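Undergrad: Quick one, fold the following:
(4 chains)
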Number of protein chains: 2
Amino acid sequence: MLHEEVVGRIRAILLDGEIPPGARIPERELCERLEISRTPLREALKVLAAEGLVQLLPHRGSRAAKLTDKDMRDLFEVCQGLEALAGELACERISDAEIGAIAAAHDEMVRHYREGDLIQYYRGNRAIHEAIVAAAGNPALAGLYASVTARIRRARYVTPMTPQRWALAVKEHEAILNALQRRDGAGLSHILRAHLRHKREEVLQAGFAETEGSEPTLRIA
Amino acid sequence: MLHEEVVGRIRAILLDGEIPPGARIPERELCERLEISRTPLREALKVLAAEGLVQLLPHRGSRAAKLTDKDMRDLFEVCQGLEALAGELACERISDAEIGAIAAAHDEMVRHYREGDLIQYYRGNRAIHEAIVAAAGNPALAGLYASVTARIRRARYVTPMTPQRWALAVKEHEAILNALQRRDGAGLSHILRAHLRHKREEVLQAGFAETEGSEPTLRIA
DNA sequence: AGCGCAAATTTTGCATTCAAAAATGTAAAA
DNA sequence: TTTTACATTTTTGAATGCAAAATTTGCGCT
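TA: Now for the predicted structure:
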């Protein structure tokens, strides 16, 4: 089995919350489940530790990383910065076709909003943000963005929203699309920052002290 | 030997250019030199690959990552974004003592400039940029910054400068310190972007097609 | 001599093994 | 009954072993 595949599978397990934050990662079980030996598994865990998804404790095994409120705030700050940068760059480089695709994704997302389908709304939302980052045409930026968003994904996309906040988020997305269509880099950057700041407030206010290590958490896959 | 120590040692070897970009990383030799077996070495290489310093080729071993001009441009762009963000945050959070320390570092750097000592100038320069990032009080940001700067370090701090560019860089640093002392986040962010943009132009104009894999490269440690 | 192909060697990736550290369980003493 | 010391088991971290893949070597042929 390819090394990167192992990393991907474990990453998915962690992001799904199948191993909840703070929980011990059972080496033996994972080996059996993935049908690999400990060597490639441990290599993968080291990589994921470098990404910040796994915490290694010397002679005590590895745990799914658990984020404090401070960690979460920090990561949202960085994410804001990265998205703002991506927005600016995207406005310089994005093609009409890409804008069209994002507009379509936007419309679909709004449809899910009207239908009250939060899961699908989140999925569309994420696709739009990722498309903007992709449109920046900077793989290094995209990689960092992926790594940061992976760490806050569960907080970002699991937190329930009040109708007011949801409505505001949709309004902001209208502005995002608009700025993108006008290729207004500064404006887009500004809106994206505000958008993510609101999201962060929402998440932190929801008291996102990550769920403790023992009880398995809801999967939203 | 501790896992992280191995990663650190190999990282240092790569950053020093002892194994130049594009060159094959000799597993066996490194094992003997670090007095470890292949298992921890290979774990370290996987981690460094995730960081972007090493390139893994399936069944063909690993090489020191070689950056194209595009890679370099992309990384500078990201670095700009991160420094700009750090500057803004630093202005909100930095203490007078920290500003004092940076001012002192600045003066020393200017002294090295006057003495024409490029190596020491670069060292002080880097310390200032790192201090600003540290003052942002965001470890996640600092980590990403460290990872990005590690990848462009050699380009950033090895490229020779013209007297004009050097003078401009020092002038920009005066402005950086000034904005920091006034705690002018927007201003600092703006200057940092311009500063790094100039640096990028300089590096790319110097035709930084990273040195080929065979010949060992100058160490600047 | 130059080229092509097959055998030998090296190198890679993973499984297994081994020693050390931590966790667990047990029993004796307070 | 609770606590502490000690032995046992489990788990971790690293070295070694082994099969597959790639590279190099050597030989025959043109």
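Undergrad: Of all the residues in chain A, which one is nearest DNA strand D?
TA: A:G61 (2.9 Å; CB to the nearest atom of the strand). (Glycine included, C-beta is placed from N, CA and C.)
Undergrad: what residues does chain A put near DNA strand C?
TA: Applying CB under 7 Å from any atom of the strand, one finds that chain A approaches DNA strand C through A:1-3, A:35-40, A:43, A:58-60.
Undergrad: from the residues you listed, which is closest to A:L177?
TA: For the residues of chain A next to DNA strand C, the closest approach to A:L177 (CB to CB) belongs to A:L2, at 38.1 Å.
Undergrad: Counting neighbours, what do you get for that closest one?
TA: Using other CB atoms under 10 Å in any protein chain shown, A:L2 has 9 neighbouring residues.
Undergrad: Excluding covalently adjacent residues, which one is nearest to it?
TA: Nearest non-adjacent residue to A:L2, counting by CB to CB, 6 or more residues apart in numbering or on different chains: B:P58, 7.3 Å away.
Undergrad: just checking, the one you found touches A:E5?
TA: No: counting by CB atoms under 8 Å, B:P58 does not reach A:E5; the two are 11.4 Å apart.
Undergrad: mind listing the strands for chain A?
TA: Assigned by DSSP state E, chain A shows strands spanning A:54-57, A:61-64.
Undergrad: any idea of the mean pLDDT for the last one?
TA: It stands for strand A:61-64. Averaged over strand A:61-64, pLDDT sits at 96.
Undergrad: what does that strand contact?
TA: If you take CB atoms under 8 Å, 6 or more residues apart in numbering or on different chains as the criterion, strand A:61-64 is touched by A:14, A:19-25, A:27, A:45, A:49, A:53-57, A:213.
Undergrad: make it 6 Å
TA: Residues from elsewhere that reach strand A:61-64 (CB atoms under 6 Å, 6 or more residues apart in numbering or on different chains): A:14, A:19, A:21, A:23-25, A:45, A:54-56.
Undergrad: cool, stretch A:195-209 as well?
TA: Applying CB under 6 Å, 6+ apart, the external contacts of stretch A:195-209 come out as A:69, A:76, A:80, A:155, A:159, A:165, A:172.
Undergrad: picking up where we left off before, so between B:P58 and A:E5, which is more surrounded?
TA: A:E5 (13 against 8).
Undergrad: So what's the residue count around A:P21?
TA: 21.
Undergrad: And the one 4 residues further on, by the same measure?
TA: Other residues within reach of A:I25, judged by other CB under 10 Å, total 20.
Undergrad: Please apply the same query to A:E35.
TA: By the measure other CB under 10 Å, the count of residues near A:E35 is 7.
Undergrad: what's the spacing between stretch A:90-104 and its chain's center?
TA: In terms of CA atoms, centre = their mean, to the nearest Å, the centre of stretch A:90-104 is found 21 Å from the chain centre.
Undergrad: Which elements pack onto the longest helix along chain A?
TA: In chain A, assigned by DSSP state H, the helix with the most residues is helix A:69-93. Where contact means 3 or more CB pairs under 6 Å, 6 or more residues apart in numbering or on different chains; DSSP states H and E, helix A:69-93 is packed against helix A:118-135, helix A:139-158, helix A:185-205, helix B:69-93, helix B:139-158.
Undergrad: Give me the domain ranges for chain A.
TA: As given by automatic domain parsing, the domain ranges for chain A are A:3-64, A:69-205.
Undergrad: What is the burial count for the residue of chain A found nearest DNA strand C?
TA: Using CB to the nearest atom of the strand, the single residue of chain A nearest to DNA strand C is A:S37, 2.9 Å away. A:S37 has 9 neighbours, counted by other CB under 10 Å.
Undergrad: contacting residues around the spatially closest residue to A:I10 that is not a sequence neighbour?
TA: Spatial nearest neighbour of A:I10, chain neighbours left out: A:A44 (5.4 Å); criterion: CB to CB, 6+ apart. Residues in contact with A:A44 (CB under 6 Å, 6+ apart) are A:6-7, A:10.
Undergrad: again, but for A:A131
TA: A:I102.
Undergrad: ok, it to A:V170 distance?
TA: 17 Å (CB to CB, to the nearest Å).
Undergrad: With A:A84 instead?
TA: When distance is defined by CB to CB, A:A84 is 20 Å away from A:V170.
Undergrad: next one: phi and psi at the most far-flung residue of chain A relative to its centre?
TA: Note on chain A: the largest C-alpha distance from the chain mean falls to A:H59, namely 30.6 Å (CA atoms, centre = their mean). The phi and psi values for A:H59, taken as degrees, to the nearest 10, are phi 60, psi 10.
Undergrad: re earlier: buried ones among the contacts of strand A:61-64?
TA: Neighbour-count burial (16 or more other CB atoms under 10 Å in any protein chain shown) is assigned, among these, to A:14, A:19, A:21, A:23, A:25, A:45, A:54-56.
Undergrad: Closest one of those to chain B?
TA: Top of the list for closeness to chain B, among these and by CB to the nearest CB, is A:L56 at 7.6 Å.
Undergrad: Give me the neighbour count for the residue nearest to A:L15 when sequence neighbours are not counted.
TA: Nearest residue to A:L15 in three dimensions, chain neighbours excluded: A:R153, at 5.8 Å (CB to CB, 6+ apart). By other CB under 10 Å, 17 other residues sit near A:R153.
Undergrad: could you measure A:R153 against A:I13, distance?
TA: The gap separating A:R153 from A:I13 is 13 Å, by CB to CB.
Undergrad: what do you get for A:E92?
TA: Counting by CB to CB, the gap from A:E92 to A:I13 is 38 Å.
Undergrad: More neighbours: these two, which one.
TA: A count of neighbours by other CB under 10 Å puts A:I13 above the other of A:E92 and A:I13, at 16 against 11.
Undergrad: what about chain A, any weak spots by pLDDT?
TA: Along chain A, the parts satisfying pLDDT under 70 run over A:208-221.
Undergrad: That one against DNA strand D: which residues are in contact?
TA: Neighbours of DNA strand D within chain A, by CB under 7 Å from any atom of the strand: A:24, A:27-28, A:38-39, A:42, A:56-62.
Undergrad: and which of the residues you listed is nearest B:G187?
TA: Of all these, A:L56 has the smallest distance to B:G187: 41.1 Å, by CB to CB.
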